[in-house]
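below is the sequence, then the predicted model.
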Number of protein chains: 2
Amino acid sequence: MKLSTRTRYGVRAILELAENAGKGPMQLKAIANRQDISAKYLEQLMAVLKSAGLVRSVRGAKGGYVLARPSNEIRLSEVFHCLEGTVTTAECAEDEEYCQRAAGCAARLVWTQMHEAIEEVLAASTLQDLIDKARAHGAVSYHI
Amino acid sequence: MKLSTRTRYGVRAILELAENAGKGPMQLKAIANRQDISAKYLEQLMAVLKSAGLVRSVRGAKGGYVLARPSNEIRLSEVFHCLEGTVTTAECAEDEEYCQRAAGCAARLVWTQMHEAIEEVLAASTLQDLIDKARAHGAVSYHI
DNA sequence: TAATATTCCTACTATTTTGGTAGTATATTA
DNA sequence: TAATATACTACCAAAATAGTAGGAATATTA
């Protein structure tokens, strides 16, 4: 159930970009440093986000990465789908044809219910939504 | 995101027991055959379910496994919790102290939202609930 | 009591996934 | 052209996962 670092790092990286949007390209090293992630490993994850069309890269000096779209137009579900190949709990959850016994299968109900609950959460939030909520939380904690 | 076979097999096995409750102990081999799972591997999973107090075993000839409680008193969440050590998406989701930056962290919101959605689904169903729903589905499909 | 059926226990092993490293090529800026 | 970045490809180590093997313990049946 624990998410892979691949997914967790990827989400943290794209949220970092979202938080720093509008300030020009953000360099890989900067993201890696701020999030305390291996730069070389993150490089691969950024490639995934890039090929999914969620971020754009700028090569050469003063280059880096920027969001491909405004942060309020990128849903979490998109980010997850490209990082985790399958955001599903079992093959048969999405593909009813996968197993002949799918129709009356009690176990499959578990997989589909979980799958739907997760997809719902991921589809509900954009990157900007998360940042806004987190800022609200963070601000409160500073008052203490 | 895909559940491990450990969890999937374990859930299928205990649902098999639930479907055959009241007919005396069900043998490991019978569960393994019906669910098409390696008997030797399943043996280990049954040990986990047993030590969690969800099933009881009967040794010797005509022995096997039975549910420790009626199927409408066993929630899915219990089954998951013993099979998957942590039914959580990231350490910080359950344990706020795990990371200093947890307070204003946008990523953590993702992990906690997912975590809560999953727990909710698992807590909502008992084994019997699932069997009833699956039978309803299965019956419909026979009408075609 | 002997034979048989079954769970129990421990250790081992193969495979896959995960997480990370290294080095070179290519593009951009100054 | 020199310095700074990303792009690409290949490789590697550790951990987790999935499964095997073999025999000991225990209960039932004949």
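On my side now, so go ahead. Just so it is clear, the model here is predicted, and its values are computed rather than measured.

for residue A:27, what are phi and psi?
Here is the backbone geometry of residue A:27 (degrees, to the nearest 10): phi -80, psi 150.

would you mind listing what in chain A touches DNA strand C?
Residues of chain A lying near DNA strand C by CB under 7 Å from any atom of the strand: A:4-6, A:9, A:37-38, A:40-41, A:43-44, A:58-63. Any C-beta I mention is one placed from the backbone N, CA and C, and that applies to glycine too.

can you rerun that using 6 Å?
Proximity of chain A to DNA strand C (CB under 6 Å from any atom of the strand) is limited to residues A:4, A:5, A:6, A:38, A:40, A:41, A:59, A:60, A:61, A:62.

which non-adjacent residue is nearest the last one?
Once flanking residues are discounted, residue A:62 sits nearest to residue A:25: 7.1 Å by CB to CB, 6 or more residues apart in numbering or on different chains.

over to residue A:134?
residue B:106 (3.9 Å).

give me the neighbour count for the one you found.
Residue B:106 has 24 neighbours, counted by other CB atoms under 10 Å in any protein chain shown.

if I look at it, how far off is residue B:10?
Per CB to CB, to the nearest Å, residue B:106 is found 34 Å from residue B:10.

check residue A:135 too.
Distance of residue A:135 to residue B:10, given as CB to CB: 41 Å.

higher neighbour count, the two?
Set side by side, residue A:135 and residue B:10 show more neighbours around residue B:10, with 26 against 13, by other CB under 10 Å.

kindly provide the distance from that one to residue A:105.
Note on residue B:10: its distance to residue A:105, by CB to CB, is 15 Å.

starting at the chain centroid, how far to stretch A:36-43?
Mean-position distance between stretch A:36-43 and its chain equals 16 Å (CA atoms, centre = their mean, to the nearest Å).

can you list contacts of that stretch?
By CB atoms under 8 Å, 6 or more residues apart in numbering or on different chains, the residues outside stretch A:36-43 that reach it are A:9, A:12, A:13, A:28, A:29, A:31, A:32, A:33, A:35.
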